[in-house]
Each structure stands twice: as structure tokens, then as C-alpha cells.
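Novice: I would like the atomic coordinates for the input below:
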Amino acid sequence: MSDGSLIESMQRFYNAIARRSPDLAFINYGFVDHPDEPSDDLDLFRMCRRLYETVLEPFPVTAGTVVEVGCGRGGGARLLLENKPDLRYVGLDLSAEHLDLTRRRLEPRPSTHVAMADAGILPIATGAADVLYSIEAAQHFEEPERFYREAARVVRPGGWCLLAALWPPTRLPDAPLASAGFHIVDRRDITANVVASLERTSDLRQELIDSLDLPERFRPLLLSWAGVRGTPSYDNLATGAMKYVHYRLQR
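Specialist: Prediction:
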């Protein structure tokens, strides 16, 4: 694993948050199906779960080996494996705390394995994965294009990559993904759906940050990380400076 400063910082950041909120199954921006329709729904867990459902359904296989890059706390893996018991699952993450939480959520299910890994150096044999997916993680990777190449190496010919993350609209990774060896089957801009989720759950997200009881100097960073209304992360999506895009790719 690379020992670069960005990777080390991400490890410390996510380990610290995970230790203070181990019961939280998901840490993502969430998804609202009908963003233009008014709603009183403030279920943060449901919206975060819905993001995973949106990216993973329909899932391309019912059996085989699945690799998740940036498995987080294991909420998405548990969701996937509940309905697809024949899958062999490998979860990769930089955070030791995340990996521990994922193990706990998946036990005692067999055919699962988690490991610490840098997204640019995946510890998976060439062509071993039927499906590789990554949700709301690629924007943090130190070398995204290296990850795309590694993902293409790991996925077998005819296999799939399901990818959802944030990019500037002028730097969507269509060309790097194609260069890595993927065919773009579908590309969907889900920015409006994600912004609607952040808007509706902003107060809950701020309450979550308050509950972590971390030093006050970290508060602006934490609020932005959580996508709270009025922070740079929220504003970038709301104004279109960043796009949240879901790719379905085939090798």
C-alpha cells in the first residue's frame, strides 16, 4: 500500500469517525427518486440505502465473485448479499475501522472476505471478478485513472463495473474508462436526486456531526464531508460545479 499523505489522512479521518459512530451502516449522500416532488420523508438511512439500490439494481449476476472498492461500514454489502446468497464477496477499504465494521455486519455469512487496500493497487487476481463496484469513493482516490485501469484488469472479459462518484462536469471519466478497457453501457447523471437527499436531510447530517464530539477546528471539514446545506460540498453539487454520475460499464 502506498504511504502517501493523502491516503494516510483519509485513513485517520475515517477511522476517527467510525470509532464514534459504529452503528451507522451507511455514509453517503443518499438518493431521492423524485426530487421535484415535495415530501416530508426525512429518513436518512432509507435515502442512503436507496443510493446503493439505485447503483446496484439490476445486478448483472446472481453468482460469482464481486469486489467492492471502498466498502465503508458494510451496509451496502449486507444489502447486496441479503438477496444474492450465492455471491462471493470481497470488500476493500483503507480504513481498518471500516473493515472491522464490515466484518461484523457480514458475519456469520461464508464466502466473504475484507482487506485493506489502495484503490490503485487492488490485491485481486487478473480477471477474477465478475462484478466490481464502487459507490461514492472514487472522488477520494489519489490516482483515479490508475484505479480505472486496475478495475479493468480485475474484471473478467464480459464482466461488469458499477461506478458512482462525483466529478467536475468537464472532467467526466468517459475517455479514461474507455482507454482502460471498459464499454460504457449506461451513464446517468443523478445529481438532482442526490442534492434532494442532502437538502432534506441536512439538519440530520448536522446533528450527526455534532454527536461525533470531535475538536471544533474540524467542524467545517466535517460539515462539508457530510454534505450539509451551505457547505462547499453541497454548493458544488447544487450549482452544477460537480456532477454525481452513475456508470454501468462492461469489460
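Novice: Output the helix or strand of the chain with the lowest mean pLDDT as CSV, restricted to C-alpha atoms.
Specialist: Ranking every helix and strand in the chain by mean pLDDT, DSSP states H and E puts helix 5-20 at the bottom, with a mean of 81. C-alpha atoms of helix 5-20 as CSV (Å, rounded to 0.1, in the frame of the first residue of the first chain):
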residue,chain,number,x,y,z
SER,A,5,0.0,11.7,2.8
LEU,A,6,-3.5,11.7,1.2
ILE,A,7,-4.0,8.1,1.9
GLU,A,8,-2.8,8.4,5.5
SER,A,9,-5.1,11.4,6.0
MET,A,10,-8.1,9.5,4.7
GLN,A,11,-7.3,6.6,7.0
ARG,A,12,-7.1,8.8,10.1
PHE,A,13,-10.2,10.7,9.1
TYR,A,14,-12.5,7.7,8.5
ASN,A,15,-11.1,5.7,11.4
ALA,A,16,-11.8,8.6,13.8
ILE,A,17,-15.4,9.0,12.6
ALA,A,18,-16.1,5.2,12.5
ARG,A,19,-14.9,4.8,16.2
ARG,A,20,-17.5,7.5,17.2
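Novice: Could you identify the helix or strand that succeeds it?
Specialist: For helix 5-20, the following helix or strand on the C-terminal side (DSSP states H and E) is helix 44-56.
Novice: Residues contacting that following helix, please?
Specialist: 25-33, 41, 75-76, 79-80, 133, 135-136, 162, 164, 190, 193-194, 197, 200-201, 204-205, 246 (C-beta atoms under 8 Å, 6 or more residues apart in numbering). (Each C-beta comes from the backbone N, C-alpha and C, glycine too.)
Novice: Counting neighbours, show which residues of the least confident helix or strand of the chain come out buried.
Specialist: 7, 10-11, 13-18 (16 or more other C-beta atoms under 10 Å).
Novice: Ignoring the adjacent residues along the chain, who's closest to the residue nearest the centre of the chain?
Specialist: Nearest residue to the geometric centre of the chain (C-alpha atoms, centre = their mean): I135, 2.6 Å. The shortest distance from I135 to any non-neighbouring residue, by C-beta to C-beta, 6 or more residues apart in numbering, is to A164 (4.9 Å).
Novice: and the host helix or strand of the one you found with helix 44-56, angle?
Specialist: In this assignment (DSSP H and E), A164 forms part of strand 155-167. If you take axes from the mean of the first three to the mean of the last three C-alpha atoms, to 10 degrees, strand 155-167 sits at 130 degrees to helix 44-56.
Novice: State the next helix or strand along the chain beyond strand 155-167.
Specialist: Taking DSSP H and E, what comes next after strand 155-167 is helix 174-180.
Novice: Just the buried residues of stretch 112-119, please?
Specialist: Under 16+ other C-beta under 10 Å, the buried positions of stretch 112-119 are 112, 114, 117-119.
Novice: Flag the shaky bits of the stretch 151-251 of the chain, pLDDT-wise.
Specialist: Within the stretch 151-251 of the chain, the set of residues satisfying pLDDT under 70 is empty.
Novice: now the helices: where do they sit in it?
Specialist: 174-180, 191-211, 219-225, 232-239 (DSSP state H, counting those that start in this stretch).
Novice: Which residues are in contact with the residue lying closest to Y247 once chain neighbours are set aside?
Specialist: Excluding its sequence neighbours, the residue lying closest to Y247 (C-beta to C-beta, 6+ apart) is L163, at 4.4 Å. By C-beta under 8 Å, 6+ apart, L163 lies in contact with 133-134, 138, 151, 177, 246-247, 249.
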